[in-house]
Every structure is written in structure tokens, then in C-alpha cells.
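Enquirer: Got a sequence here, can you model it:
(one chain, ligands or ions: 2)
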Amino acid sequence: MKICVLPGDGIGPEITAEAVRVLKALDLKLELEEGLLGGCAIDAAKDPFPEATQRLAKEADAVLLGAVGGPQWDNNPRELRPERGLLRIRKDLGLFANLRPAILYPELANASTLKPEVVAGLDILIVRELTGDIYFGQPRGIEMRDGERYGFNTMHYSESEIRRILRVAFDAARKRNKKLCSVDKMNVLECTQLWRDVATETAKEYPDVALSHMLVDNAAMQLVKNPKQFDVMVTGNMFGDILSDEASMLTGSIGMLPSASLDANNKGLYEPSHGSAPDIAGKGVANPLATILSAAMMLRYTFGNEASALQIESAVKKVLAQGLRTGDIYEPGTTRVGTREMGDAVLAAL
Ligand code: IPM
Ligand code: MG
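Expert: Numbering: from 1, shown residues only. Ligands and ions are numbered 1, 2, ... in the order given. I've put the predicted structure just below:
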């Protein structure tokens, strides 16, 4: 198993170090190679996704990523921003399927800002299309028109792009509670009318899964009103960006949520759903669990090793049951620990 490790910026290096320790503790044949992505790559190579990293990522079976970004690069031109490295590696590797689970761990029920009865037992999977939509659409830009600045972007999807992400979502729903909600804005946008049509057509291949459709504004509302009505949600790149942040906060602990971005052959990039948290970088207090759980997703989706994935996931549940908490999920009565101690506890539980 060839794994390319990209620690990135901010808390990235601290949290990936713990995930790597967990992977190494399992009895697996691993080959790990480290590379630069994001702000650290801009500083070292004047490119957020340098050639050396492109090569490493291409040759690997999977990529484990920490996080990218930080205030010191915020004013750089667009091509020299850390986020650009992330968008390029997704596109370069053809990682069109982004899986973002939002699970509420019973031990962390108080972390949510919503009433416990609304979120208890929450288990949603958001499937977000990741290489199309307005994120990558041309034409785009800011230019002068009629004596004033004019900004424009283009939303677009081909039916084959829609069909392949719908199939990923239907397959996922099939392994869960067999309910899929497709989110669009067909009352206004033609592009998403096509999305809805293709979703309805694809549903014929999956008679055992119940497909529903929802407009994105209503979906945003339903997610906070009654989130447990959802099993799997599927949507385009931009709506998925927004709704997955919203869904993660239903659990109150974004520091716990992993994600997977897959190509058509289950090659994948695995990263925590949270960002680089520059405010706490280097302090040893960040929560490594989302990255450790991302490593579990890697074993499950890219390497088909369900047993080791479950082993990691139950180790994480065990340390939560022991009452260990990093600052982001701390509450009185529990034991506050740092990044390294949390990693130690997971290793012990393994
Ligand atoms: C995410 C992030 C990225 C996105 C940014 C950092 C480019 O918000 O992974 O959700 O918008 O896709
Ligand atoms: Mg986002």
C-alpha cells in the first residue's frame, strides 16, 4: 500500500503525525512518502501543488492530507493560494466523489448547539461532486465591461458527470438505509434541472433505493429542522461545499469528521473535514481524531480492509468512552488531553 502523506499547513503536521502512528501500529505493509501541498509548498517551491507532489500523488494508491491554508497566504494571487493546491490535486487525480459523513457520537451529544432529541443518533452521509460545477467552469473572471468591473463564473455539468456521482450515492445508500435525497435548484437553474432529470433516470437502476429531490434552500432548512430524515444526500460541488459544513456542525464537533475523495477506481484522498486552524497550530492541542478516522476510511475504501478500518473506529469510540477530550470537544467532567496524548490513547486502545 503506497500512501502519499501531505501534512500541509497549520495543525496539519500535528494531526497527520498521529494518523501515521496509528497506521504504522497496525500490521500492514505500508510505504509512506511525504510531500508538500498548500502554503508550505508555496513557501518552498512557489507552487501550492509542485511537480514533485504531483508525481508522488500519482504514484500512490492513496493520499492522506492534513489541511491547507493560513492568513499569511490570504492576499496572494489566486494561483498562489493554498486552496488552489487542493482544487488542483482533486482535479488532477480525478477525485470526483467526495464522501462526508456527519455522525453524532453519543458521548459528544452535548457538543451540538441543537437540542439533543433533534440530533441524537444522527448519521448522515453527504456525497458531494468534487471536480465540476461552478468551481471549475469556464469562462470565469473579473474584467472591465462598460466602464465598470464585472465578475462572472459558469455553472455546468454534463449528464455523464451527474450520472457517475449519482451512482456513487445510490451505491452508498444501498449499503445504508436505502434512502437518497438529491439536492438541486431546478426552479431557477437549468444546469440543476438536468441534474434532477439524470437523478430520476439513474434511479431506475436502483429500484431498491428510495430517491427524493429537494431544493437546496429547503435542504439547508430541513438539515437544522429535522436532520434525521436524511440518510444519504447527493449534490453538486458548490451546494455540497455549503451543506456539508452545515451538516458537520449538527454534530458540534467538526474535529471528529473524516472525509474521502475518490476517483472511479477507488484511489482516494483522505482528509479531515476541518481546516488548518492556524490559531492553534503548533500548540499540540488540535484534535487528531478526524484525521485518524480519515485513515480508517482509507483502509475501507481504497484498500478494502474493513477489519482494520473497524479496528481504528472502535479504538476512537473507546477513547471517547474513557472520557478523553481535546479542547474542541471538552466539557466539564471529562479529561482534557493534547494531540499527542489523544494519539497515545488511540494506540493503547488499538
Ligand atoms: C472544502 C473547502 C474547499 C472547497 C476550499 C478550501 C477550496 O471548503 O473542502 O470544503 O471549497 O472545496
Ligand atoms: Mg468547504
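
Enquirer: Indicate the residue of this protein located nearest to ligand 1.
Expert: Across the chain, the shortest distance to ligand 1 (C-beta to the nearest ligand atom) belongs to Glu83, at 3.9 Å. From N, CA and C alone the C-beta is placed, and that goes for glycine too.

Enquirer: okay but that residue is in contact with Gly70, surely?
Expert: No. Using C-beta atoms under 8 Å, Glu83 makes no contact with Gly70, being 10.8 Å away.

Enquirer: pLDDT score assigned to the closest residue to the residue of the chain closest to ligand 1 other than its chain neighbours?
Expert: Once flanking residues are discounted, Glu83 sits nearest to Gly69: 6.1 Å by C-beta to C-beta, 6 or more residues apart in numbering. Note on Gly69: pLDDT of 97.

Enquirer: sec struct for Gly69, please.
Expert: With DSSP: H, G, I helix; E, B strand; the rest coil as the basis, Gly69 sits in coil.

Enquirer: Quick check: it touching Asp9?
Expert: Yes. Using C-beta under 8 Å, Gly69 is in contact with Asp9, at 5.8 Å.

Enquirer: give me every residue that touches Ser308.
Expert: Contacts here follow C-beta atoms under 8 Å, 6 or more residues apart in numbering; on that basis Ser308 touches Leu26, Leu28, Ala296, Leu299.

Enquirer: and it, that one's in a helix?
Expert: Yes. According to three-state DSSP, Ser308 belongs to a helix.

Enquirer: pLDDT score for Tyr82?
Expert: I think there's a mix-up here, since residue 82 is Pro and not Tyr. 97.

Enquirer: I figured it hits Leu36, correct?
Expert: No. Assessed by C-beta under 8 Å, Pro82 is found out of contact with Leu36, at 10.8 Å.

Enquirer: and the residue nearest to Glu83, what is it in contact with?
Expert: Gly69 makes contacts with Asp9, Gly10, Gly38, Gly39, Arg81, Pro82, Glu83, Gly275, Ser276, Pro278, as judged by C-beta under 8 Å, 6+ apart.

Enquirer: what do you get for Met297?
Expert: Per C-beta under 8 Å, 6+ apart, neighbours of Met297: Leu99, Pro258, Ser259, Ala260, Gly268, Tyr270, Ala309.

Enquirer: That one: which element?
Expert: If you go by DSSP states H and E, Met297 is part of helix 289-301.

Enquirer: Give me the subset of the contacts of Met297 lying in helices.
Expert: Per DSSP state H, helices hold the following members of these: Ala309.

Enquirer: got JSON lines for the contacts of Met297, with neighbour count, distance to Cys191 and pLDDT too?
Expert: Converted to JSON lines, these look like this (neighbours: other C-beta atoms under 10 Å; distance: C-beta to C-beta, whole Å; pLDDT from 0 to 100):
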{"residue": "Leu99", "neighbour count": "23", "distance to Cys191": "23", "pLDDT": "97"}
{"residue": "Pro258", "neighbour count": "26", "distance to Cys191": "30", "pLDDT": "96"}
{"residue": "Ser259", "neighbour count": "24", "distance to Cys191": "25", "pLDDT": "96"}
{"residue": "Ala260", "neighbour count": "22", "distance to Cys191": "25", "pLDDT": "98"}
{"residue": "Gly268", "neighbour count": "28", "distance to Cys191": "27", "pLDDT": "97"}
{"residue": "Tyr270", "neighbour count": "27", "distance to Cys191": "29", "pLDDT": "98"}
{"residue": "Ala309", "neighbour count": "20", "distance to Cys191": "36", "pLDDT": "97"}
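
Enquirer: I am finished for the moment; much appreciated.
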